[in-house]
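Novice: Here is my input, please return the structure:
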Amino acid sequence: MVKWLCVVCNIYVYDEETGDPQTGIGPNTKVPDFPDSWRCPVCGATKEKLVPIPEEEYWQKARAYTDFTGKKEEKINILVGVDNPLTTPEFRQEYGKPLGFRGIGQGLTYLANFSALSKYRLKNRLIAKHEDPVIETAFFGEKISMPVLGAPMSGLSYVSNITEEEFAYNILEGCKVAGTIGYTGNTSKDYEMVHPAIMALKKVNGHGINIFKPQSQEVLVDLIKQSEEEKAVAVGIDIDGAGSVNFTLAGKPVFRKTIEELRELKNSTKLPFIVKGVMCVEDALAAAQAGADVIGVSNHGGRVLDSGLGVADVLPGIVRALRDTDNGERIIITADGGVRTGFDVVKMLALGADFVLVGRPLAREAVSSGVEGVKRILGYLKTDIKIAMIMTSCNKLEEINEGILVKV
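Specialist: Down below sits the predicted model:
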């Protein structure tokens with residue numbers, strides 16, 4: 001009988017002879033015969049992530065898996081489930097340990113994203129003519145199925161058995177098949193020839209957005225040029241990456257940027273230019289002065305500065321300040337942070353965002369279930385958005401405003 005290992009978590013093992021009562025698999029069941037709904041009990045991966053392994057390796061891994069299952073009530077795997085801080089205790093960084101998916105330090109900024117959104121409730125309003133909500137829109141001429149984009153993420157190779165290129169591809173392609181657009185992040189790992197995000201962009205024929213950490217101008221101009229050559233939808237800089245621990249440890253310095261430096265990057269490309277990581281009015285106005293086409297209101301998922309504010313706390317003020325500028329109506333505003341459902345998406349839109357970025361939920365699926373997992377989560381979000389619009393009597397995206405919110 002064949003023995004198997006999950007290559008995503010590198011923990012779960014399966015013996016065909018004994019089966020797996022925990023996941024409902026009977027004895028003498030071959031992996032190809034598992035139901036399509038089967039998921040690895042450790043990381044949530046699909047059956048396609050199971051590979052045959054030698055007998056000796058199985059018994060070595062079996063001890064580790066037995067140890068894991070014996071302690072699983074004490075452990076919350078970073079790849080499974082929705083990271084709601086009310087139910088997931090591992091929201092904070094353990095001092096001296098890798099960050100993983102958690103919030104930096106005590107996790108206060110990470111928690112602030114959730115608490116900021118939770119201050120708002122959606123107002124039921126139902127006595128109106130019924131219409132099916134129209135949620136399709138466009139992002140720089142690209143038609144998309146909803147105002148949701150995949151947030152830029154990277155570094156998953158540090159915590160799971162996946163390459164940076166594969167992860168970036170899963171996000172971009174998953175978003176593409178769901179009818180929207182994904183961003184890629186910027187890893188601190190060395191790469192031999194071409195940046196993994198650029199390679200992933202090439203595989204999807206340019207249907208994506210590359211965001212890079214604030215490295216030297218020379219490095220950034222080169223990466224932006226490569227993105228342009230691959231016909232990216234847009235390109236940009238993650239200014240809050242100036243606090244990146246991984247880049248510092250890898251000997252790749254990151255910097256704060258001046259208005260002049262941002263303008264130089266903007267003028268280096270014909271692509272729409274994004275400045276992401278804005279959390280105050282001062283930075284928003286500076287980014288606008290530099291000529292940014294998109295300003296991303298984001299605190300990096302609470303991963304770069306502890307004791308910060310939640311995105312939904314600062315978003316309305318930033319929106320008002322930008323709209324009052326001469327080119328305020330031209331600038332696109334995105335927001336991310338604590339968004340886990342389509343109802344959260346609608347709240348962010350009501351607070352003034354034009355588009356909403358979703359991160360961790362897509363990352364989990366990109367690692368464990370690949371393209372199909374990313375597509376599935378985006379499908380759930382789309383359904384939620386439509387329900388929220390029906391229940392608040394919003395037939396078009398333009399009708400979503402602060403009037404549908406109640407602050408508690």
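Novice: only C-alpha atoms for contact and neighbour calcs from this point on.
Specialist: Will do.
Novice: Stretch 237-251: end-to-end distance?
Specialist: Length of stretch 237-251, first residue to last, C-alpha to C-alpha, to the nearest Å: 19 Å.
Novice: Do a quick rundown of the helices in the stretch 101-250 of the chain.
Specialist: Under the criterion DSSP state H, counting those that start in this stretch, helices of the stretch 101-250 of the chain are mapped to 108-118, 164-177, 196-203, 217-229, 245-249.
Novice: Looking at those, which one is packed in the most?
Specialist: Burial of the helices of the stretch 101-250 of the chain is given as mean neighbour count (mean count of other C-alpha atoms under 10 Å); helix 164-177 ranks first at a mean of 26.
Novice: Check which helices and strands that helix sits against.
Specialist: strand 148-150, strand 183-184, helix 196-203, helix 360-368, helix 370-391 (3 or more C-alpha pairs under 8 Å, 6 or more residues apart in numbering; DSSP states H and E).
Novice: buried residues in stretch 131-146?
Specialist: For stretch 131-146, a neighbour-count test (16 or more other C-alpha atoms under 10 Å) marks 133, 135, 137, 139, 144-146 as buried.
Novice: which strands and helices sit next to the helix-or-strand element of the chain with minimal mean pLDDT?
Specialist: None of the helices or strands of the chain scores lower by mean pLDDT, DSSP states H and E than helix 55-71, at a mean of 74. Packing partners of helix 55-71 (3+ C-alpha pairs under 8 Å, 6+ apart): strand 3-6, strand 13-15.
Novice: Specify the next element, helix or strand, located C-terminal of the last one.
Specialist: Using DSSP states H and E, the helix or strand that directly follows strand 13-15 along the chain is strand 50-53.
Novice: Show me what that next one is packed against.
Specialist: Against strand 50-53 (3+ C-alpha pairs under 8 Å, 6+ apart) you get strand 3-6.
Novice: where does the chain have low pLDDT?
Specialist: For the chain, the stretches with pLDDT under 70 are 67-90, 159, 192.
Novice: Name the residue closest to the centre of it, please.
Specialist: Nearest residue to the geometric centre of the chain (C-alpha atoms, centre = their mean): Gly359, 1.6 Å.
Novice: so that one touches Ser154, yeah?
Specialist: No. Taking C-alpha atoms under 8 Å as the definition, Gly359 is not a contact partner of Ser154, at 10.4 Å.
Novice: Count the neighbours of Asn395 for me.
Specialist: Residue neighbour count, defined by other C-alpha atoms under 10 Å, stands at 18 for Asn395.
Novice: wait, I meant Lys129
Specialist: By other C-alpha under 10 Å, neighbour count at Lys129 equals 7.
Novice: List the contacts of it.
Specialist: Applying C-alpha atoms under 8 Å, 6 or more residues apart in numbering to Lys129 gives no contacts.
Novice: Relative to Arg323, how far out is it?
Specialist: 31 Å.
Novice: and Pro54, how many neighbours?
Specialist: Other residues close to Pro54 by other C-alpha under 10 Å number 11.
Novice: ditto for Glu282
Specialist: 12.
Novice: quick one: what helix or strand has it in it?
Specialist: helix 281-289.
Novice: For that helix, enumerate the helices and strands it packs against.
Specialist: Under the contact definition 3+ C-alpha pairs under 8 Å, 6+ apart, helix 281-289 sits against helix 259-267, strand 294-297, helix 311-323.
Novice: Compute the inter-axis angle for it and helix 311-323.
Specialist: Calculated by axes from the mean of the first three to the mean of the last three C-alpha atoms, to 10 degrees, helix 281-289 forms an angle of 50 degrees with helix 311-323.
Novice: what separates helix 281-289 from the chain centre, distance-wise?
Specialist: 24 Å (C-alpha atoms, centre = their mean, to the nearest Å).
Novice: Which parts of that helix count as buried, going by neighbours?
Specialist: Applying 16+ other C-alpha under 10 Å to helix 281-289 flags 281, 283-288 as buried.
Novice: Let's have those residues in JSON lines, adding distance to Ser118.
Specialist: As requested, the buried residues of helix 281-289 are exported to JSON lines (distance: C-alpha to C-alpha, whole Å):
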{"residue": "Val281", "distance to Ser118": "22"}
{"residue": "Asp283", "distance to Ser118": "25"}
{"residue": "Ala284", "distance to Ser118": "24"}
{"residue": "Leu285", "distance to Ser118": "27"}
{"residue": "Ala286", "distance to Ser118": "29"}
{"residue": "Ala287", "distance to Ser118": "28"}
{"residue": "Ala288", "distance to Ser118": "29"}
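Novice: Understood, closing this out.
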